[in-house]
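**Student:** would you be able to build a 3D model of this:
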Amino acid sequence: MITNLYKEELLNILMGIAIVTRNFQLTIPKDVREVQGIKIGDKVLFSVENNKVEISKFKTMLSKMLSVRGKGRLSQVLIM
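**Tutor:** Numbers count the residues shown, from 1 in each chain. Next up is the predicted model:
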């Protein structure tokens, strides 16, 4: 049986956890920053699909959209 403490430790290892401040700010966990290559001053893109929030370095996401989905999709995203 998995205890609540074990579940909490597992979530910290797998995803990283950030606390939202009263100004709705958060710190991106170091592991996530390193994997995404996020540096100070970079722009990040938040996307939501099926109650799941994803964060990507904006330049990386932009490159993927251009190569995988074509330029038409990019204009739709930037208009939103």
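**Student:** so in the protein, where's the weakest helix or strand by average pLDDT?
**Tutor:** One helix or strand of the chain scores below all others by mean pLDDT, DSSP states H and E: helix 71-79, with a mean of 49.
**Student:** and stretch 27-43, what's buried?
**Tutor:** 33, 36, 38 (16 or more other C-beta atoms under 10 Å). For glycine as for every other residue, the C-beta is placed from the backbone atoms N, C-alpha and C.
**Student:** name the surrounding residues that touch that stretch.
**Tutor:** Contact with stretch 27-43 is made by 16-18, 44, 55-60, as judged by C-beta atoms under 8 Å, 6 or more residues apart in numbering.
**Student:** farthest-separated two in these?
**Tutor:** Across the contacts of stretch 27-43, the longest distance by C-beta to C-beta is 25.7 Å; it joins I17 and K59.
**Student:** more neighbours, those two?
**Tutor:** K59 (13 against 10; other C-beta atoms under 10 Å).
**Student:** top of the contacts of stretch 27-43 by number of neighbours, please.
**Tutor:** The most crowded member of the contacts of stretch 27-43, judged by other C-beta under 10 Å, is K57 (18 neighbours).
**Student:** tell me what it is bridged to.
**Tutor:** V44 (DSSP bridges).
**Student:** can you pull the poorly scored residue ranges out of this protein?
**Tutor:** Within the chain, the segments meeting pLDDT under 70 span 1-15, 60-80.
**Student:** which residues in it form helices?
**Tutor:** Taking DSSP state H as the test, the helices found in the chain are 4-14, 30-36, 58-64, 71-79.
**Student:** could you chop this protein up by domain?
**Tutor:** 1-27, 37-80 (automatic domain parsing).
**Student:** so L45 sits right up against S56, yeah?
**Tutor:** Yes. With contact defined as C-beta atoms under 8 Å, L45 and S56 form a contacting pair (5.1 Å).
**Student:** check contacts around L26.
**Tutor:** Residues in contact with L26, defined by C-beta under 8 Å, 6+ apart, are 18-20.
**Student:** how about JSON lines for the residues you listed, with distance to E49 added?
**Tutor:** Converted to JSON lines, the contacts of L26 look like this (distance: C-beta to C-beta, whole Å):
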{"residue": "A18", "distance to E49": "20"}
{"residue": "I19", "distance to E49": "24"}
{"residue": "V20", "distance to E49": "20"}
